[in-house]
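Asker: quick one, structure for this:
(2 chains)
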2 protein chains.
Amino acid sequence: MDIIERKAEMREFSIRHRGAGRHVGLVPTMGALHEGHGSLTRAARRDCDVVVVSLFVNPTQFAPGEDFERYPRAFEADRAVCEGLGVDALFAPAPGEMYPPGGETSVVQDGLATVLEGASRPTHFRGVLTVVLKLFNVVLPHVAYFGQKDYQQTVVIRRMVADLDVPVEVRVLPTIREADGLALSTRNGYLSGAERKQAVCLYEALTRCGERFAAGETDAARLTRVMRERIEQEPDARIDYVELVRPDSLAPAEPARRGDVALVAVQIGATRLIDNMALGQATGVGRSGYPPGAAG
Amino acid sequence: MDIIERKAEMREFSIRHRGAGRHVGLVPTMGALHEGHGSLTRAARRDCDVVVVSLFVNPTQFAPGEDFERYPRAFEADRAVCEGLGVDALFAPAPGEMYPPGGETSVVQDGLATVLEGASRPTHFRGVLTVVLKLFNVVLPHVAYFGQKDYQQTVVIRRMVADLDVPVEVRVLPTIREADGLALSTRNGYLSGAERKQAVCLYEALTRCGERFAAGETDAARLTRVMRERIEQEPDARIDYVELVRPDSLAPAEPARRGDVALVAVQIGATRLIDNMALGQATGVGRSGYPPGAAG
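Answerer: Below is the predicted model:
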């Protein structure tokens, strides 16, 4: 496995493989890899000739006061994970390599990027879109893999790819969950034991919403109330938002339909967690969110 | 010569040629081609295996009240020019092909894009950067050609290419001028006979500035005053800006140095013209701004 720190070297790697007719897949990550990233990487390994995993904790998607400094860095562990998954190249640039001094160009998005996470974190998607476009331009993948856990991110990135005619195919894979349903996230590591137990409220709220919808409820206000009530049972949970939206437009889902997406953002103590579930989607836990036969 | 209207077909064309190891050059234009575009296209023809000229009057770089509707469209003449220059493909998408409904992603730039033209036309460079990135992503050129006449545009595009790691080389070629020094521009066609005579004031102002600098003057206020005084001799000329800036940062040039750039934007009657000249640059007219031996 190649460890690549320079953009120029990364691009040469990909141009060489593309020139030889090989299909390149990219799994963009912020490192501290878990089984969510693992499932994306296995999918890339299955689909592509060459698999690149990028490890870059992108400063521009964190606002001042968020957890950029605290966000875990685990290069040696990540390297071992990637070796084990048969990754061809790990792209791990330093911040100064990705953002040399003097930069002043960004990718921005109206509409989709301004609601939900964008309302709570106004500079977040500008940072995400800009770094994703940069990674695409450096790694030059045919395909890039993202997890559904960050649902709005996948919508916003797909929108960018369409709007800017970016020559990369975006594939989105299901959220991977713990046995109790908690969506895997690097930020789960911030939780205390007591908080970890309470954190299951996101998943359970979404599940209850799905069950009520399956039982015939389509009133968005009542469906979101079911979610709120479950989350509010936890003493350390503070709701940021609980919404039910159309899958591509992120417009309010009223009345709710199959395929609409319930999204929750909840502060558990000092840790902000997000999760989502499509109405009509299977709500199983563990690896069951992953396509059958794909794991392992 | 291929005439291509669809983005997908354009991309396939380039991927096919790139796959065969051929170097692709793009000359992005808004059509109504003149010898300025001609010089860019000849350079591309000289440098590259495959030459693509795009013709697209980009609505998003015009503000309401500007000349988008009035901007000349001359497809048949442009096609003949491109045939004559040995162009391989003309990419001429309809507005709805470039901007399908629902688009909401843009490229923005702070700093460089907010001064000079950006101050006078606040939405202009957002439109320019977005369409240029889209054209790059559709045409997938190795090299793209721009004229120095739109000096700030070249700086802003180079900045975008660096900041977003766009895998395209930008080449900038000298301004082509009429015999009296007027920089070639599609908008010159808007001028009445009397206005056309007065329009030479832009070039003459820049030339006088260059002469004063060559004679030892480095005070920016005095150099810009020389330019203002020449322009103000014309009854129908109204100055938008007259500035002297550092070449890459566009910061005020004080004191002026060789390589700094004088820029003027002047309304001649109802027509807004721009021009620029680097201090120490040859100020000849006609083809003389072009590298020796390069023209047709």
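Asker: for the stretch 101-250 of chain A, which segments are assigned as strands?
Answerer: Here the stretch 101-250 of chain A has its strands, by DSSP state E, counting those that start in this stretch, at A:105-109, A:143-147, A:169-173, A:237-245.
Asker: what's the closest of those to chain B?
Answerer: Nearest to chain B among these is strand A:105-109 (3.6 Å), distances taken as CB to the nearest CB. Where you see a C-beta, it was placed from the backbone N, CA and C, and this is true even at glycine.
Asker: and for residue A:115, the neighbour number?
Answerer: Using other CB atoms under 10 Å in any protein chain shown, residue A:115 has 18 neighbouring residues.
Asker: ok, back up a step: format the strands of the stretch 101-250 of chain A as a markdown table; extra columns: mean pLDDT and distance to chain B.
Answerer: Written out in a markdown table, the entries for the strands of the stretch 101-250 of chain A read as follows (pLDDT from 0 to 100; distance: least, CB to the nearest CB, whole Å):
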| stretch | mean pLDDT | distance to chain B |
| --- | --- | --- |
| strand A:105-109 | 98 | 4 |
| strand A:143-147 | 98 | 14 |
| strand A:169-173 | 98 | 13 |
| strand A:237-245 | 98 | 16 |
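Asker: could I get those strands as JSON lines with mean neighbour count?
Answerer: Output for the strands of the stretch 101-250 of chain A, formatted as JSON lines (neighbours: other CB atoms under 10 Å in any protein chain shown):
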{"stretch": "strand A:105-109", "mean neighbour count": "23"}
{"stretch": "strand A:143-147", "mean neighbour count": "23"}
{"stretch": "strand A:169-173", "mean neighbour count": "17"}
{"stretch": "strand A:237-245", "mean neighbour count": "19"}
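Asker: to residue A:15, which of the ones you listed lies closest?
Answerer: If you check each of these against residue A:15 by CB to CB, strand A:143-147 wins as the nearest, at 16.5 Å.
Asker: shaky segments in chain A?
Answerer: Counting by pLDDT under 70, the ranges of chain A that qualify are A:282-296.
Asker: mind doing that once more with 50?
Answerer: Across chain A, the stretches falling below the confidence threshold (pLDDT under 50) are A:286-296.
Asker: excluding its backbone neighbours, what's nearest the spatially most central residue of chain A?
Answerer: Relative to the mean C-alpha position of chain A, the nearest C-alpha, by CA atoms, centre = their mean, is the one of residue A:150, at 3.5 Å. Leaving aside its chain neighbours, residue A:150 sits nearest to residue A:274 (7.2 Å; criterion: CB to CB, 6 or more residues apart in numbering or on different chains).
Asker: the one you found touches residue A:117, doesn't it?
Answerer: Yes: counting by CB atoms under 8 Å, residue A:274 touches residue A:117, with 7.1 Å between them.
Asker: which neighbours do the two share?
Answerer: Residues touching both residue A:274 and residue A:117 (CB atoms under 8 Å, 6 or more residues apart in numbering or on different chains) are residue A:265.
Asker: next, count neighbours for residue A:38.
Answerer: Per other CB under 10 Å, the neighbour tally for residue A:38 reads 20.
Asker: that one in helix, strand or coil?
Answerer: The local conformation at residue A:38, judged by DSSP: H, G, I helix; E, B strand; the rest coil, is helix.
Asker: just read off the phi/psi values of residue A:61.
Answerer: Dihedral angles phi and psi of residue A:61 (degrees, to the nearest 10) take the values phi -100, psi 0.
Asker: ok, the closest residue to it other than its chain neighbours - contacts?
Answerer: The spatial neighbour of residue A:61 that comes closest, neighbours along the chain excluded (CB to CB, 6+ apart), is residue A:127 at 3.2 Å. Contacts for residue A:127 were tallied using CB under 8 Å, 6+ apart; they are A:58-62.
Asker: chain B: which of those is nearest?
Answerer: The shortest gap between chain B and any of the contacts of residue A:127 belongs to residue A:60, at 11.3 Å (CB to the nearest CB).
Asker: what is the burial count for that closest one?
Answerer: Counted with other CB under 10 Å, the burial measure for residue A:60 works out to 20 neighbours.
Asker: from chain B, how far off is the closest residue to it other than its chain neighbours?
Answerer: Spatially, and ignoring its direct neighbours in sequence, residue A:60 is nearest to residue A:127 (3.5 Å; CB to CB, 6+ apart). In this structure, residue A:127 and chain B are separated by 13 Å, where distance is defined by CB to the nearest CB, to the nearest Å.
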